[in-house]
Structure formats: structure tokens, C-alpha cells
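# build the 3D model from these lines:
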Amino acid sequence: MLTMIRNATVFDPEPRGAVDVLVAGERIAAVGEDLDIGGGLVDVVDASGGILLPGFVDALTHPSGGGGEGGFGKRTGAVGFESFRDAGVTCPIGALGTDCIGRSLDVLCADVMGLRDNGIDAHMLTGAYRVPAPTITGDVARDVVMIAPVIGVGEVAISDHRSSQPTPEELRRLAADTRLGGTLSGKRGVVLVHVGDAEGGLEPLRAALRASDLPTCSFYPTHVNRRRELLDEAITFACNGGYVDITVSTTPELLELGEVAARDALKDAIAGGAPAERISLSSDAGGSLPVYQHGELISHAAATPDVLLELLQDVLIREPDFAPTVIAALTRNPADALGLGHKGRIVPGADADLLILDTDQYALKHVLCRGRRLLGH
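Coordinates of the predicted model:
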């Protein structure tokens with residue numbers, strides 16, 4: 001079955017104007033003006049007046065739920081297929097996070113496979129906050145090599161009172177094992193790193209890299225907008241060849257404690273010299289967004305994936321010139337950081353993960369994932 005999307009304004013993620021996009025099976029077959037395939041069975045989608053962009057690649061989600069800080073009654077719930085679909089997230093990356101005791105990698109893997117069965121092209125990370133990293137097979141590299149959805153390790157916690165306080169040597173060995181698994185399986189093999197609000201910031205990663213020949217991009221720090229000083233460190237990290245991730249989900253309490261709102265953080269990082277193509281935006285969907293004071297939990301709220309779409313919609317309305325930068329941070333940039341270069345772009349050969357927004361407040365009208373229609377008719 002062929003699908004032709006006509007008359008949309010295309011962001012690939014750069015703006016390309018009104019062009020047609022032909023989807024054949026799971027991939028994009030052609031992009032151009034007035035495409036003509038000379039007949040045949042074609043499903044034509046008239047997207048006149050709409051915007052066509054790649055599906056979101058959400059680098060940090062918790063499909064099995066997250067949190068657990070504060071006790072069993074404060075654990076957040078699972079994030080299902082409809083939540084990702086309706087938010088435009090066609091490629092969520094699932095992780096455990098804080099709790100690898102009450103939640104297991106086996107359950108996470110089953111939830112990721114369930115998302116795949118429903119059409120969402122989900123992936124996952126082995127490991128969790130703790131080091132040594134929990135695994136499914138008993139070995140980090142083996143998990144990456146032998147389990148198809150596993151593309152790396154994470155989210156490993158540093159500079160946080162909830163972390164296991166890993167040493168630079170432990171982080172270096174973890175990154176090396178993950179990279180080995182990636183090398184053997186054709187994956188990137190990245191360690192996604194949760195960075196807390198402690199003063200140590202990114203120093204544990206710098207220390208691990210100083211004594212190794214690992215590339216900077218072996219580590220992929222997230223939550224770098226947690227405080228202004230950490231964002232400054234992230235700018236330097238990106239300038240030195242790394243990728244950094246900004247969390248879009250937040251709360252008024254976190255902002256009051258110094259977290260930088262995602263849009264401002266993205267602008268400030270670029271203004272500070274960070275290469276725009278090395279900055280991504282993620283939702284932390286299913287995470288608990290805990291607020292601590294003096295080591296005591298005072299509040300928490302569950303993150304949801306729809307914050308990504310809401311951010312883009314607001315930018316399209318208020319700052320349309322900034323929209324291509326935001327779209328890239330939601331699509332191509334995280335795909336490149338994670339070694340998923342066949343995603344996050346609208347070019348021939350790429351996965352047909354596509355979103356169509358209308359011009360009425362930029363509502364999401366159609367979602368395709370690997371050519372399969374998940375939303376819209």
C-alpha cells in the first residue's frame with residue numbers, strides 16, 4: 001500500500017514549503033513537488049493548510065510508570081499506547097529510573113513490546129539509577145546485543161542524593177560495556193544519565209571521560225535545565241561533542257527552586273554557543289517530578305508525554321520562527337543522539353513516522369508510525 005500526503009507545509013525538520021511525501025510500506029519513498037507515481041493503489045491524504053513533520057523521538061519515558069519516592073502509594077502509573085499516540089510520540093525510549101526493585105526490566109520490556117504491538121516504535125534502556133546496572137541477561141553488553149529493543153543503558157543517576165554515587169571508574173566501565181554492545185549489534189550504545197541538582201553537576205562524566213578514549217557522546221545527560229549552573233555545564237559538554245537533553249515536564253515548585261523552563265533553556269543554550277543540533281527535548285513521561293527540600297519529599301506530580309506537543313503548538317502560535325529549532329530538538333536531534341538516524345527526518349529512506357497538524361491551533365490530526373496509520377482517516 002502506498003500513501004501520498006499532498007499539499008502540506010513540510011518541516012523535515014527544516015522548513016521545505018509545500019511538497020508531497022510518498023510513503024511505501026514502512027519508509028518514506030519520495031519527497032518533492034507534484035509527485036506522480038503513474039497510477040496504482042494509493043491512499044491520498046490531502047493535508048492542505050496543514051503542517052507535516054516527523055514523529056517525536058522522546059529520549060526519556062517511563063512506560064511502566066516511575067517514581068516511588070515517598071512510598072508505594074506515590075508510585076506513578078504506566079503510560080499507555082493512546083497517551084503516546086495522542087501526543088505525537090512515535091518513538092518513546094523507555095527506562096526504569098529510580099525504582100528497579102518494585103519495577104523490573106522484564107516488565108519494562110513487556111510494556112515496550114506491547115507498545116510495538118499497537119504500532120508505536122518504542123525502544124528501551126537496560127539498567128536504572130543504580131550502578132552496577134541491573135540487566136535482563138546478567139550483562140550490560142549482552143542486553144544491548146541480544147535484546148532488540150535495547151539501545152543503551154539508563155537512566156543512570158549522578159549528582160543526586162537518590163543515586164548510588166557511582167565513581168568515575170564505574171561510569172567509565174559502564175559506558176565501555178554499553179559501547180561494546182552497540183558496536184557488536186550496530187546500535188549506538190549510549191548511557192543516558194539522570195543529572196540531579198547537587199553541586200557535582202556533570203563533573204562525574206568529565207572525570208570518567210578524562211581517563212578514557214571514549215567519545216563524549218558515550219554519555220547523554222538529561223534534566224540539564226534543572227538549574228542555571230548545570231545548563232552552563234551542558235553548553236560546554238555539547239560544544240565538546242556531546243548531546244544534552246532538556247526536560248520539558250516541570251512544575252511551578254521546580255521552577256521556583258531554580259529549574260529553567262524548557263523553551264528558555266533551549267534558547268539560552270544556543271545563545272551560549274551550544275550547537276543547536278546537539279540539544280534535545282524529552283518529556284520524562286511517567287516520571288514523578290519530585291520536589292525535595294533538605295532531603296525531604298514535599299510534593300510530586302506525574303509527567304505526561306503531551307507536554308512536547310503543547311510546547312510545539314505554543315511555539316508555532318507565538319514564535320513561529322523558532323519552530324524549526326524546536327521541531328529538530330523533538331525529532332532529529334534525539335534520534336541522532338541515540339543512533340536512530342533513520343528517524344526524526346522526512347527524507348527518502350527514513351522511517352515513515354509522521355505527524356500532521358492542522359492550522360486551527362495546530363491540533364494533531366494524523367499520526368503515522370512506520371507507515372501505519374495510528375490516528376486520522
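# in this protein, which spans are helices?
Using DSSP state H, the helices of the chain run over 81-86, 105-117, 140-146, 168-185, 203-210, 228-239, 252-256, 262-271, 306-318, 323-330, 332-337.
# now do the buried residues in the first one.
Residues of helix 81-86 classed as buried under the neighbour-count rule (16 or more other CB atoms under 10 Å) are 81, 83, 84, 85. Heads up, the C-betas are built off the backbone N, CA and C, glycines and all.
# of those, which is the nearest to residue 259?
Nearest to residue 259 among the buried residues of helix 81-86 is residue 83, at 23.2 Å by CB to CB.
# dump the residue contacts of the closest one.
285, 304, 305, 306 (CB atoms under 8 Å, 6 or more residues apart in numbering).
# can you get me a residue count around the second one?
Residues within reach of residue 304, counting by other CB atoms under 10 Å, total 19.
# rewinding a little: wait, which of the helices of the chain is closest to residue 17?
Closest among the helices of the chain, once you apply CB to CB, is helix 323-330, at 12.4 Å.
# other SSEs contacting that closest one?
Under the contact criterion of 3 or more CB pairs under 8 Å, 6 or more residues apart in numbering; DSSP states H and E, helix 323-330 touches strand 2-11, helix 262-271, strand 279-282, helix 306-318.
# got JSON lines for these, with distance to residue 172 and mean pLDDT too?
Conversion of those to JSON lines gives the following (distance: least, CB to CB, whole Å; pLDDT from 0 to 100):
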{"stretch": "strand 2-11", "distance to residue 172": "39", "mean pLDDT": "94"}
{"stretch": "helix 262-271", "distance to residue 172": "26", "mean pLDDT": "98"}
{"stretch": "strand 279-282", "distance to residue 172": "23", "mean pLDDT": "98"}
{"stretch": "helix 306-318", "distance to residue 172": "32", "mean pLDDT": "97"}
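# determine which stretch of these is the most buried.
Highest mean neighbour count of the helices and strands packed on helix 323-330: strand 279-282, a mean of 28 (counted as mean count of other CB atoms under 10 Å).
# low pLDDT regions in the stretch 251-377 of the chain?
For the stretch 251-377 of the chain, applying pLDDT under 70 flags the ranges 290-295, 297-300, 377.
# quick check, nearest of the buried residues of helix 81-86 to residue 269?
Nearest to residue 269 among those is residue 84, at 26.2 Å by CB to CB.
# any idea how far residue 326 is from that closest one?
Computed as CB to CB, to the nearest Å, the residue 84 to residue 326 distance reads 19 Å.
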